[in-house]
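Participant: coords please:
(one chain, ligands or ions: 1)
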Amino acid sequence: MKNIVLFGKPGAGKGTQAEFLKTRYNLTHISTGDVFRFNLQNDTPLGREARTFMDAGQLVPDALTIKMLQDEVEKHPGTAGFLFDGFPRTVAQAEALDAFLITKAWQVNAVVGLEADDDILVARLLERGKTSGRADDQDETLIRKRYQEYNEKTAPLIEFYSKQGKYYAVDGIGSIAEITERLGLVIDKL
Ligand code: B4P
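Facilitator: Okay, the predicted model is just below:
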């Protein structure tokens, strides 16, 4: 059982890289962003609750996100491991994840952080916003708000996982294939 967290700022390429890594390492991919967007599109009660936060460039409240993540994990009892993409994003979420995994005798094995400067990532998201239809990708002020949220609430996780010896930084600038190779070098050693 191997559980890997793909970590990084908005637009760092978590979702992009997860598509390659889940196949290469036979991991069950859970993207909290994707699950929220699915619920938004299907106008579920969870989607309606998440929409106000996502459209404002804010994190969805912890209680809602943690419950959703646990429900997703429970759907895959026989998995060889999870690739968590976009979760945890707060210390409270990381603590809840540890407490939940331990009930199954599992743990987070590694946190792989895609690192890149804000300005490059903002440009990526604005580019994606031209075609993605994602409200949170279309307005630079809103995008900057997501970086503010990241700095306040998500960045402390680097220290949280570094103290446990589980954080691995990977340069997130380069071609998609180059970054997949860099991630592979880290994950192969686990
Ligand atoms: P997410 O869906 O997790 O999205 P993201 O941070 O915007 O993107 P990601 O890093 O996956 O980038 P991607 O590969 O797509 O979150 C969206 C929202 O959901 C959050 O703001 C929040 O409101 C909510 N949410 C999700 N999880 C939550 C949680 N745990 N708690 C609370 N709220 C939560 O790549 C971005 C773009 O860059 C793409 O267009 C891609 O093609 C391009 N790209 C990727 N790699 C590239 C490369 N190497 N070079 C050039 N372009 C590249």
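Participant: wait, what's in contact with residue 178?
Facilitator: Residues near residue 178 by Cβ atoms under 8 Å, 6 or more residues apart in numbering: none. Where you see a C-beta, it was placed from the backbone N, CA and C, and this is true even at glycine.
Participant: which stretches of this structure form strands?
Facilitator: 4-8, 28-31, 82-85, 110-115, 167-171 (DSSP state E).
Participant: Can you name the residue of this protein nearest to the ligand?
Facilitator: Nearest residue of the chain to the ligand (Cβ to the nearest ligand atom) works out as residue 33 at 1.8 Å.
Participant: tally of neighbours for the nearest residue to that residue once chain neighbours are set aside?
Facilitator: Once flanking residues are discounted, residue 33 sits nearest to residue 86: 4.8 Å by Cβ to Cβ, 6 or more residues apart in numbering. By other Cβ atoms under 10 Å, 23 other residues sit near residue 86.
Participant: So residue 86 sits against residue 13, correct?
Facilitator: No - using Cβ atoms under 8 Å, residue 86 is not in contact with residue 13; the gap is 11.6 Å.
Participant: picking that back up, can you lay out the strands of the chain as CSV showing distance to the ligand and mean neighbour count?
Facilitator: What follows is those, written out as CSV (distance: least, Cβ to the nearest ligand atom, whole Å; neighbours: other Cβ atoms under 10 Å):
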stretch, distance to the ligand, mean neighbour count
strand 4-8, 5, 25
strand 28-31, 6, 19
strand 82-85, 6, 25
strand 110-115, 7, 21
strand 167-171, 10, 17
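Participant: out of those, nearest to residue 134?
Facilitator: strand 28-31 (13.4 Å; Cβ to Cβ).
Participant: which residues touch the closest one?
Facilitator: With Cβ under 8 Å, 6+ apart as the test, strand 28-31 has contacts from 14-15, 18-19, 21-22, 69, 72-73, 76, 79-87.
Participant: could you give the mean pLDDT of it?
Facilitator: The average pLDDT within strand 28-31 is 98.
Participant: Kindly report the residues of the protein close to the ligand.
Facilitator: Proximity of the chain to the ligand, by Cβ under 6 Å from any ligand atom, involves residues 8, 10-16, 32-33, 36, 53-54, 59-60, 65, 86-87, 89, 93, 124, 128, 136, 146, 174-176, 179.
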